[in-house]
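Colleague: Here is my input, please return the structure:
(2 chains)
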Amino acid sequence: MDGGIQVLLVEDNPAEVRLTREAFAESKVPHTLFVVTDGEQASEYLFRRGRFLEVGLPDLILLDLNLPKKNGCEVLREIKASPDLAMIPVIVVTNSQSPDDVEQVYRLFANCYLVKPPDIDDFFEMVKRIVEFWWQTAMLPNGRNGLPPKKGTL
Amino acid sequence: MEDESKSVVSSQDASLKKGHLLLWQAGCFLGVFLGGFICAKLGGFLSFWTPLWFPNGLALVALLCLGGRVWPAVTLGSFCGYAYLLRHQGGPGEVIPAALVGAVGIVSGGWVSAGLIRRWVGWPDPLDKLRKLTLFMVGGVVVGPVVAATVTVLGWSVLGKVHAEMRIFVWIAHFLAQAAGVSMLAPLLLICSGQVPEVWKKRRWLVARAMAISLVAGGSLLAYVSQLEVRQMQGNIDEAALRLFAAIEQQVAAQEEGLESVRGLYESSAAVTRNEFKSFTKRTLNRLKGFVFLAWSPETSEGGLPDLINEAKEEALQLSTGDPVRDLLENFQSHPLPVTTEGHDGPEEGTHTDGLPFRYPLFFIEPLIPNVEWIGSDLADNPLLWKAIQANRQTGTLWISPPLRDQKSGEIRLLMCLPVQRLPGVTDRLPLQGPPGLVVGAIDAKQLFGALIKRLDASPILSLQVTDLDDRSSNEPIYQSRAVAKNSTPPGMLRQMNEIIDIGGRRWAFEFSPDVEHLLGRLPWRVAGVQVAVLMVTSLFGALLLLGTGFTFRVEEEVVARTEELRMSQHRFRQMAEYIREVFWIRSADGQKFEYVSPASEEIWGQRPEVLCENPGRLIDSVVPEDRPRFLGALHPSATTREIDEEYRILDEKNRVRWIRDRAFPVQDEIGNVIRWTGVADDVTDQKALHATLLEARAAAEEAGRALGQFFEMSLDMICIAGTDGFFKKVNPAFSQTLGYDEDLLLGKPFFDWIHPDDLDKTYQAVANLKGAIVVVSFENRYRHRNGHYLWLEWNATADEEGNQIFAVARNVTQRKALEEDLRRSNAELEQFAYIASHDLREPLRMVTSFVQLLKKRYEGKLGADADDYIYHAVEGAERMRRMIEGLLKLSRIERRGNQMGKVNLMVPVGQALQNLSLTIKDKNALMDIPKELPDVFADADQLTLVFQNLFENALKFVKNRKPEVSVTVKPLGTFWEVSVSDNGPGIPPEQAERIFQIFQRLDQNAKDEGCGIGLALCRRVVERHGGSICGINEPGKGSIFRFILPAFLSNGEKGGKLGDGERQN
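Modeller: I've put the predicted structure just below:
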């Protein structure tokens, strides 16, 4: 499963998806971006139902809150309630600055809450930081990350 | 108790502080000691028994009046008193420790008494109430002596002064004497002391004299009785002593006689055998119990002694073997007396043993057995006896030996010796038949006198001591009836009796003493009875005296108070009668005669009082003729017993008519008969005139009322008068026109019936407020129209002073309310719209911005100059739109996201704003002039921070080319605070003053500033949400001022700027 960090993006707005792709491309970090466009698809993908029977689990989930069919919070609750999925870091990326949303999301054990910056450079910077942090700084479960091998081993 | 005693002490401090303390101490010492001294002299006759003991009373008085600090003097005084008493009354034990114990007892008793009296009664106190007096007596007369007696007796028991069985007597004796002393002395001294309460001041010497008499009488009685007791006791003792003495003389004579009878035996018989001696002496010994033995001592020369021994041995041979006497006689030999003679050493001792002309061995002795060691002993061996034998050998008279101590028993033996001699010239004797010698009788003094005392039953009261006066070498008495305790002294008030007998050439002194120990353990009941009686009588007398005086004093006080009251009352009556404008008069019951007329009659009636009293008829002459019957009715009211109120006219000296109002009141006795009439007459001419004026005024008022009534009828607004009972009393036509009901219907039902159910509660509250005299302004509620729909009415109302009537004006504001409601709704909708719009617009706008930026980022310079320009404008436009939308969102949040308002000190938002802008302020080097203290307002702190931040930001932004100076000032405005933020910028063009507060309006459209035109709109929104207002003022040459008002936070925790205050602001 190489090809860098496996990221699942849950976002209904195609423009937003495009922008995120651009941002990932800009970040120069090896990655694979899977995209689903509503909450239900996100569930199916993660629980490998329907057309997502064969997919692998992502290393990181980027989740919008305002989604058709099933909103972001519901998806988040499902993820964090599942023993298989709860360990996957979920980063909520949204337009909302409402303190209520922030509180609710953290109560549902989201790993991070980010507001989409209006400025494109800021947005690119943010995405770059996300992947750098989660892929190159932090340790992920199952020992997956893009860190250079430690000295002295092998 | 502590502080009470302190207060008492402090009242004494004045006298004590002035260096008089020593003087007082000396006085106390002297007083207490003298008290003890007098008592000891007065009646003390037996050890601890005095009928009176003053030191307790004196100690109590001293401690009570002078405070606790005189205790050393009291202790010392009582110590000396006790020492004197004990020294002169005798008894066992040391005087000094016993006296010390007694002194401690007195001080502790006095201390306890004084403490209890201060606590229970307080001191100084008049003691004029039975309760207080009883407590005083209990504390002083009972508790103190009980403590003192207990302490003393316990101490003396420990010291051994009092034997266990005597404790109770000694205690009772102490208690009674001390209680009597306190009861007799303490009240007297307290009354005489300087601390006399008011009650005693006048009568102090009278009461003191009576108490002193009672003291002297009681004391004398006690002294008399105790002297009587002493005398009787002395009599008893003397009698017993005489009896005993006679018995002793008799006994000694009998013993002498016994010896003489034995001498008779020897004188009449040539040879007396041992058996003859034995049988003869047996009778004598049986008769006379005082002899230890009787013996025969033959006179023999030194050479004759072996014959005598031989004779004894021959005698022994005649006795059967195994007889103890035989053994004795076989070993018979001369030897010294078995007595110790230490202390009896004669001058010739040791010089005479050899070559004595005679020897006197004790040859026969009966009874032999207990005295066996005496047989064969030689009397002549003892120099003292030898002297006596020599002296009496020729005279043949009885002689007695000095006291000899028996070696075996240790008892004193006295040998009575009678010589058997051939006496020349003595003819009345038989010629001597046998050999010469000595008849010897040994006496046991203890046995002899003891038996006598026992026989005469004298021992309980007497003790006897017998001394041999000729025995100079020893002080030891021959006999003592009782072992005398060490340090014991004879009781002072009782005599002892001394007698001397001359027996056998020796003088014996007999000392008969009252038995101290016996008397100590005995309570003289008669004295005790008298003591109790005296104690009760003096206490009762003292109590009655105190109570009587207290009562008399109270009665006197009462009389004085009443007299003063009466005098004042008379004085007041006279003052009133003399000075009031009206005539006050008193007439006899038949109305014919004035008993009193006050001086005002000259003024009112034109007649002097004394003239009227002499001649009542003078008055009627001045009355206008047609009023005379009424006048007579008022002044001669004998026909009735009711009050009379009449008016009549008189002509004064200038012939002017005066109206007089005359009122008469009957004064009745208890069965209702009129005993006199009193009355008041007044000149009411002026009142009459005033009354006329009043009538005119009323007419004018009615006229005015009618005019008002016309306005009432014509008014377009609804006007009513209502009762707080819920009914309209009066309504104007506008009511009927507005609500559509008839006036009768409006007045006939409670007005609550027409009020909308939702408004009922607040209407009740408004009515309640009106009852409480609170004015109701701009009160709104809904009334049902006759057609069934509701009308909004706005009311102003007030109530009369009693709160019974409501005066109210109402106006139909239904239309206005509808408009207001519409406006509110449309505002809310607008707000909702603004929020949703700005919120939902953000996302598409972000897309536009992002992609335009991306375009610029990726393709700038690649598509040509025009394309770059287009992209630039698109980016700028999108950016501005984003700021506007964000501003709009902020604005809409003012209402939606406001916090709860409460007490906020303006310093908090101002400080926060300054902190948020600190970078800019530093950049521009701005001067921010903020007052040191700012008031509390009723607000939302976060939003106020926004206001200040925006205003400061604006000020900093618009001040160009110089150092910005921004200042904040506040001043109170009713229950609001007016806050001004001024700067030194370019100011606001007057025509722009209102427009700058509108959203997205900017002064300088072209200016390339960062603002989006939302700041001031935001400020206005916030201030208006707080119920205030904001405006911008241009001060030419000085810059702009933004001024806004906020409700104050009132001290009662409420928000300022309630209804009514707002008017003043606008």
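Colleague: which helices and strands does the host helix or strand of A:Ile79 pack with?
Modeller: A:Ile79 is part of helix A:72-81, with elements assigned from DSSP states H and E. With contacts defined as 3 or more Cβ pairs under 8 Å, 6 or more residues apart in numbering or on different chains; DSSP states H and E, helix A:72-81 has these neighbours: helix A:39-47, strand A:60-63, strand A:90-94, helix A:99-107. C-betas here are computed from N, CA, C, even on glycine.
Colleague: Can you say which of the ones you listed is packed in most?
Modeller: Sort the helices and strands packed on helix A:72-81 by mean neighbour count, taking mean count of other Cβ atoms under 10 Å in any protein chain shown, and strand A:60-63 sits at the top with a mean of 24.
Colleague: What strands line up against that one, and which way round?
Modeller: Strand A:60-63 has the following strand partners under DSSP bridges: strand A:5-10 (parallel), strand A:90-94 (parallel).
Colleague: So for it, mean pLDDT?
Modeller: The average of the pLDDT scores along strand A:60-63 is 90.
Colleague: what's the spacing between that strand and its chain's center?
Modeller: Its chain's average C-alpha position is 1 Å from that of strand A:60-63, according to Cα atoms, centre = their mean, to the nearest Å.
Colleague: now stretch A:108-117
Modeller: 10 Å.
Colleague: who does the longest strand along chain B pair up with?
Modeller: Secondary structure assigned by DSSP state E gives strand B:657-668 as the longest strand of chain B. Using DSSP bridges, strand B:657-668 pairs in its sheet with strand B:644-651 (antiparallel), strand B:674-683 (antiparallel).
Colleague: okay if I get these as a markdown table plus mean neighbour count?
Modeller: Output for the strands paired with strand B:657-668, formatted as a markdown table (neighbours: other Cβ atoms under 10 Å in any protein chain shown):
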| stretch | mean neighbour count |
| --- | --- |
| strand B:644-651 | 18 |
| strand B:674-683 | 19 |
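Colleague: Longest helix in the chain, please.
Modeller: If you meant another chain, say so; for now it's chain A. Longest helix in chain A, counting residues (DSSP state H): helix A:14-27.
Colleague: Switch to chain B, please.
Modeller: Chain B, longest helix under DSSP H: helix B:204-268.
Colleague: Which residues of chain A lie near chain B?
Modeller: Proximity of chain A to chain B, by Cβ under 8 Å from any Cβ of the partner chain, involves residues A:Asn13, A:Ala15, A:Glu16, A:Leu19, A:Glu22, A:Asn95, A:Lys116, A:Pro118, A:Asp119, A:Ile120, A:Asp121, A:Phe123.
Colleague: most surrounded residue in the residues you listed?
Modeller: Ranked by the number of neighbours (other Cβ atoms under 10 Å in any protein chain shown), the residues of chain A next to chain B place A:Phe123 first, at 25 neighbours.
Colleague: ok, and the closest non-adjacent residue to the residue in chain A that chain B sits nearest to?
Modeller: Nearest residue of chain A to chain B, counting by Cβ to the nearest Cβ: A:Ile120, 3.7 Å away. Leaving aside its sequence neighbours, A:Ile120 sits nearest to B:Gln853 (Cβ to Cβ, 6 or more residues apart in numbering or on different chains; 3.7 Å).
Colleague: which SS state does the residue in chain B that chain A sits nearest to fall under?
Modeller: Nearest residue of chain B to chain A (Cβ to the nearest Cβ) works out as B:Gln853 at 3.7 Å. Following DSSP: H, G, I helix; E, B strand; the rest coil, the label given to B:Gln853 is helix.
Colleague: a markdown table for the strands paired with strand A:60-63, including distance to B:Phe976?
Modeller: Below are the strands paired with strand A:60-63 laid out as a markdown table (distance: least, Cβ to Cβ, whole Å):
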| stretch | distance to B:Phe976 |
| --- | --- |
| strand A:5-10 | 53 |
| strand A:90-94 | 43 |
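Colleague: Dump these to a markdown table, plus distance to B:His174 and mean pLDDT.
Modeller: As requested, these are arranged in a markdown table below (distance: least, Cβ to Cβ, whole Å; pLDDT from 0 to 100):
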| stretch | distance to B:His174 | mean pLDDT |
| --- | --- | --- |
| strand A:5-10 | 112 | 88 |
| strand A:90-94 | 104 | 90 |
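Colleague: picking up where we left off before, next, the angle strand A:5-10 makes with the helix holding A:Ile79.
Modeller: 140 degrees (axes from the mean of the first three to the mean of the last three Cα atoms, to 10 degrees).
Colleague: Now do helix A:72-81 and helix A:99-107, the angle between them.
Modeller: Interaxial angle, helix A:72-81 versus helix A:99-107 (the same axes, to 10 degrees): 20 degrees.
Colleague: B:Gly396: what secondary structure?
Modeller: For B:Gly396, the secondary structure call by three-state DSSP comes out as coil.
Colleague: B:Asn781 is nearest to which of the helices and strands packed on helix A:72-81?
Modeller: helix A:99-107 (39.1 Å; Cβ to Cβ).
Colleague: tell me what the closest one is packed against?
Modeller: Identification of packing neighbours for helix A:99-107 by 3+ Cβ pairs under 8 Å, 6+ apart yields helix A:72-81, strand A:112-115.
Colleague: Buried residues, the last one. List them.
Modeller: In other words, strand A:112-115. A:Cys112, A:Tyr113 (16 or more other Cβ atoms under 10 Å in any protein chain shown).
Colleague: other SSEs contacting the next helix or strand after it?
Modeller: Counting by DSSP H and E, the element after strand A:112-115 in chain order, helix or strand, is helix A:120-131. Helices and strands touching helix A:120-131, by 3+ Cβ pairs under 8 Å, 6+ apart, are helix A:14-27, strand A:60-63, helix B:814-859.
Colleague: and chain B, which of its residues are near chain A?
Modeller: Where chain B comes near chain A, counting by Cβ under 8 Å from any Cβ, the residues are B:Arg842, B:Glu843, B:Leu845, B:Arg846, B:Met847, B:Thr849, B:Ser850, B:Phe851, B:Gln853, B:Leu854, B:Lys857, B:Arg882.
Colleague: check contacts around the fourth one.
Modeller: Okay, so that is B:Arg846. Neighbouring residues of B:Arg846 by Cβ atoms under 8 Å, 6 or more residues apart in numbering or on different chains: A:Asn95, A:Lys116, A:Pro118, B:Arg882.
Colleague: Check the second one too.
Modeller: With contact set as Cβ under 8 Å, 6+ apart, B:Glu843 has these partners: A:Asn13, A:Asn95.
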